[in-house]
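[1] model the following, please.
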Amino acid sequence: MRSDYIIAVLLFIPLAIVQLTLVPWLSYNQIAPDLILILLVIYTLRMGQLSGTLLGFVFGLLFDLFSGGIIGSAMFTKTLSGFLTGYFYNENKTEQNLHSGSLIFIIIVIGTADSIIYSLFGNSVANTNSLLTLIFMQGLLPGIYSSVLSLLMVVFYTRKLFT
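    Numbering: from 1, shown residues only. Model (predicted):
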């Protein structure tokens, strides 16, 4: 079990570097995928709610330290995301949740919640005209963008099963 945490943190480091350096080039109107959230959701669906909450805390703290942002904003949202993802955890359906359309749905839901709460901590709330704009532009679109990237994992995994 401890090796799972170590592997998760070791996977986090290159993802954080990619998230901070390359992902801004993939963004459109500040709508960008969240690679760290995808990793967090995958590990939470594999290990459970308590492990996901703990990993969310660690991922958020490390991301806050790496990015130079407000200490605690990513830490809070990733902890909450790990906790909320834990409600989708089922020990008997781990493989089904990770390698089907369920993963895409879960990432849309959790990514939307994560993006909305994270935007409440930043100055992007002052730039929005309405609550609908905040929910759609700052929440739903980044969640969908992240789920599109997770779709690649589902496609490549199923292709690996059938070859």
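[2] buried ones in the host helix or strand of residue 10, by neighbour count?
    In this assignment (DSSP states H and E), residue 10 forms part of helix 2-21. The neighbour-count criterion (16 or more other Cβ atoms under 10 Å) identifies 8, 12, 15, 16, 19 as the buried residues of helix 2-21. C-beta coordinates here come from the backbone N, C-alpha and C atoms, glycine included.
[3] same question, stretch 95-103
    For stretch 95-103, by 16+ other Cβ under 10 Å, it's 97, 98, 99, 103.
[4] same question, stretch 136-144
    137, 138, 139, 140, 141, 142, 143, 144.
[5] give me the distance between the last one and residue 50.
    Residue 144 sits 28 Å away from residue 50, going by Cβ to Cβ, to the nearest Å.
[6] please apply the same query to the first one.
    With distances taken as Cβ to Cβ, residue 137 is found 33 Å from residue 50.
[7] one more: the second one?
    In this structure, residue 138 and residue 50 are separated by 29 Å, where distance is defined by Cβ to Cβ.
[8] check residue 110 too.
    Between residue 110 and residue 50 the computed distance is 16 Å (Cβ to Cβ).
[9] those two - which one has more neighbours?
    In terms of neighbours (other Cβ atoms under 10 Å), residue 110 is the more surrounded of residue 110 and residue 50; the figures are 27 against 13.
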